[in-house]
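A.B. asks: show me the folded form of this:
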Amino acid sequence: MAAPILSFENLGLSQGTHWLFRNIDIHVGQRDRLALIGRNGAGKTTLLKLIGGQIEPDEGTRSVQPGARVITLEQDPDVTPFATLHDFALAGDYAPPAHEVEAIADQLGIDLSREAKTASGGERRRAAIARALASEPDLLLLDEPTNHLDIAAIDWIENWMARYNGAFIVISHDRAFLTRLTRQTLWLDRGSMRRNEIGFGGFEQWMEAVYAEEARAAEKLDAKLKIEAHWLERGVTARRKRNQGRLAKLWEMRAQRAAMQGPQGTAKIAVASDDSKTKSVIKAEHVTKAFGDRTIIRDFTLRVQRGDRIGIVGGNGAGKSTLLKLLTGQLAPDSGDVTLAKTLDMIFIDQQRSLMQGDKSVRDVLAEGGDWIDVRGVRKHVHGYLKDFLFDPSLAEAKVGTLSGGERSRLLFAREFARESNLLVLDEPTNDLDLETLDLLQEVIADYDGTVLIVSHDRDFLDRTVTVTLGLDGSGTVDVIVGGYADWIAKRDPRKAAKAEKKDAAPPPPPKPASAKLSYKDQRDLDLLPGRIEALEAAIARDEAALADPALYTRDPGKFAALTKAIEQARADKDAAEERWLDLAEKAEGLAG
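C.D. replies: Numbers count the residues shown, from 1 in each chain. The predicted model follows:
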């Protein structure tokens, strides 16, 4: 067996009064393709910096094969010390050859003569990629390599990585990227490291098996301790199972939307004439928009229905932002008309996360310093609402500036999704998110009552969330496709689509009637659990409404405590009922098949 390129033994790093992680062993072989997985705040970026030798551990020994080049592609490269991106790209420990840097930059579509201090996030990222890849690394450390890149650039780097002969460790929220490229997984979880010789495609099944084993061990614990120690893991497991049902619902919505599609090649989706006025929330009729001599949008027609989830995709400069501004009324067309329903109440969440101020506390952001937050007309306690968004309630007093980028994004989602609205606009929402937060965001979008517009480069995320895709190729034409990103690719390049991995987003089989082979108890549970779940939801809503009385705690602290306990128990019962029903539905379908 060949010696590893890099090893770290008994690695440990303290953070304040506790250990961020400890007793970690890492060995990277010459052809390893490692996904580094862990939720926001677990220490993934810190661990990558330790592996790259950028920071020193408190414990442990790092060894690197003599002569091996270990190159790091940072999440947010600092270009400010350099006059131009060209100067930045030619710097570094290994001084990459200029012709190699320039060749890669050309393929990525980046002008390296750009002044460094005025470069956008995408331009900085492309320059950093050119520098890293041209340095001929033996081990490449990648921290969110697809952030700020358009789909064309992601496709290019995926193809480069597939041909690459060295080893790499990658942190990414991009499921499609991880599934295509990785062959092993490092899972950083609660201060410990697990390794499995499977790529990211098998990670979720592995994770579920680990959590199931922990749940069996937890049965021996006191019930209250079990609830406090394992609420997040159980919540994630239940959420993944519920998302199976949401994916089936999404496919049903796409089928309904396909029935409204106009003639092929007309780049429009029409609606039936009767009742269309009450269902359409945005109507674009023969819209054209140009800047100078270049036509960005040409003769575009679309009617957005109430409840639609619209994805907008395309390369940098193709016109995604222009189209989004046209559809939301922020920009007027040169010709044609865009009509917005008078009742539209929009929430816009941009990729800059500009509303988050570092000196404010989490409680300040959510509830203006109070204990309660109005969530679309229902008052909820801040601690309970934080749990809904995968936060430990103890973070209520933490300053926003101490949170990771992903945690700040999640906090912003929590605040904005509490507002009353019927149009949700998301501009690159997946940047900086971990995989569990992506699941949460998909759940929120699926349950949202209004209409959603999404600009994103995350192909898997679009496949899991949108009913209609608007694809721009830079020519002015807008492809309007029922379905997600993969459906757009299938239209543009059927051969490429045939090679794409769509296991998670494949359409579910048609539902089948429950088999008579189910036991009497199982069949009875399958029939009765939907009503039980509805009753629990009603009980939770009723108790939360009672708990919303600001004087209740002072007037009757015993009742306040009883309601709080009842809500917690009802939520646990609801999660268990949903899991039981999904298991039975899958069992019935298998027996019927």
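
A.B. asks: domain parsing for the chain?
C.D. replies: Residue ranges for the domains of the chain, per automatic domain parsing: 6-209, 357-420, 509-593.

A.B. asks: span of the second one from start to end?
C.D. replies: It refers to domain 357-420. 22 Å (CA to CA, to the nearest Å).

A.B. asks: equivalent analysis for the first one, please.
C.D. replies: Start and end residues of domain 6-209 are separated by 29 Å (CA to CA).

A.B. asks: and for stretch 79-93?
C.D. replies: 15 Å.

A.B. asks: how about it: buried residues?
C.D. replies: 79, 82, 84-86, 88-90, 92 (16 or more other CB atoms under 10 Å). Any C-beta I mention is one placed from the backbone N, CA and C, and that applies to glycine too.

A.B. asks: isn't residue 149 right up against residue 126?
C.D. replies: Yes: when contacts are counted by CB atoms under 8 Å, residue 149 is listed as touching residue 126 (7.3 Å).

A.B. asks: the more surrounded of these two?
C.D. replies: Neighbour tally, residue 149 and residue 126, criterion other CB atoms under 10 Å: the higher count belongs to residue 126, 29 against 23.

A.B. asks: can you name the element that comes right after the helix or strand hosting that one?
C.D. replies: Per DSSP states H and E: residue 126 is located in helix 121-134. Counting by DSSP H and E, the element after helix 121-134 in chain order, helix or strand, is strand 139-143.

A.B. asks: okay, now the sheet partners of that following strand, with direction.
C.D. replies: Sheet pairing for strand 139-143, assigned by DSSP bridges, gives strand 70-73 (parallel), strand 167-171 (parallel).

A.B. asks: ok, and what's touching the next helix or strand after the last one?
C.D. replies: This means strand 167-171. Per DSSP H and E, the first helix or strand lying C-terminal to strand 167-171 is helix 175-181. Contacting residues not belonging to helix 175-181 are listed as 33, 35, 145-146, 154, 158, 161-162, 170, 172, 199-201, 435, 438, 458-461, 501, 504 [CB atoms under 8 Å, 6 or more residues apart in numbering].

A.B. asks: just the buried residues from those, in PyMOL please.
C.D. replies: Command for PyMOL that selects the buried part of the contacts of helix 175-181, burial taken from 16+ other CB under 10 Å:
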select buried, resi 33+35+145+146+154+158+161+170+172+199+200+201+435+438+458+459+460+461+504
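
A.B. asks: which of the contacts of helix 175-181 fall within helices?
C.D. replies: 154, 158, 161-162, 435, 438, 459-461 (DSSP state H).

A.B. asks: format the residues you listed as a markdown table; extra columns: pLDDT.
C.D. replies: What follows is the ones in helices among the contacts of helix 175-181, written out as a markdown table (pLDDT from 0 to 100):
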| residue | pLDDT |
| --- | --- |
| 154 | 92 |
| 158 | 94 |
| 161 | 93 |
| 162 | 93 |
| 435 | 81 |
| 438 | 85 |
| 459 | 91 |
| 460 | 90 |
| 461 | 92 |
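
A.B. asks: in those, find the pair that's most separated.
C.D. replies: Distance extremes for those: the farthest pair is 162 and 438 at 23.5 Å, using CB to CB.

A.B. asks: name the residues of stretch 147-159 that are buried.
C.D. replies: Neighbour-count burial for stretch 147-159, counted by 16+ other CB under 10 Å, picks out 147-158.

A.B. asks: please report the distance of residue 403 from residue 366.
C.D. replies: In this structure, residue 403 lies at 13 Å from residue 366, with CB to CB, to the nearest Å as the measure.

A.B. asks: what sits in contact with each of the two?
C.D. replies: residue 411.

A.B. asks: in terms of packing, which of these two has more residues around it?
C.D. replies: residue 366 (24 against 20).

A.B. asks: if I look at the more buried one, what pLDDT would I see?
C.D. replies: Predicted confidence (pLDDT) for residue 366: 89.

A.B. asks: and what of residue 501?
C.D. replies: The model's pLDDT for residue 501 equals 46.

A.B. asks: quick one: list the elements packing against the helix or strand where residue 531 lies.
C.D. replies: Element membership of residue 531 [criterion: DSSP H and E] is helix 520-547. Counting contacts by 3 or more CB pairs under 8 Å, 6 or more residues apart in numbering; DSSP states H and E, helix 520-547 is packed against strand 378-381, helix 557-592.
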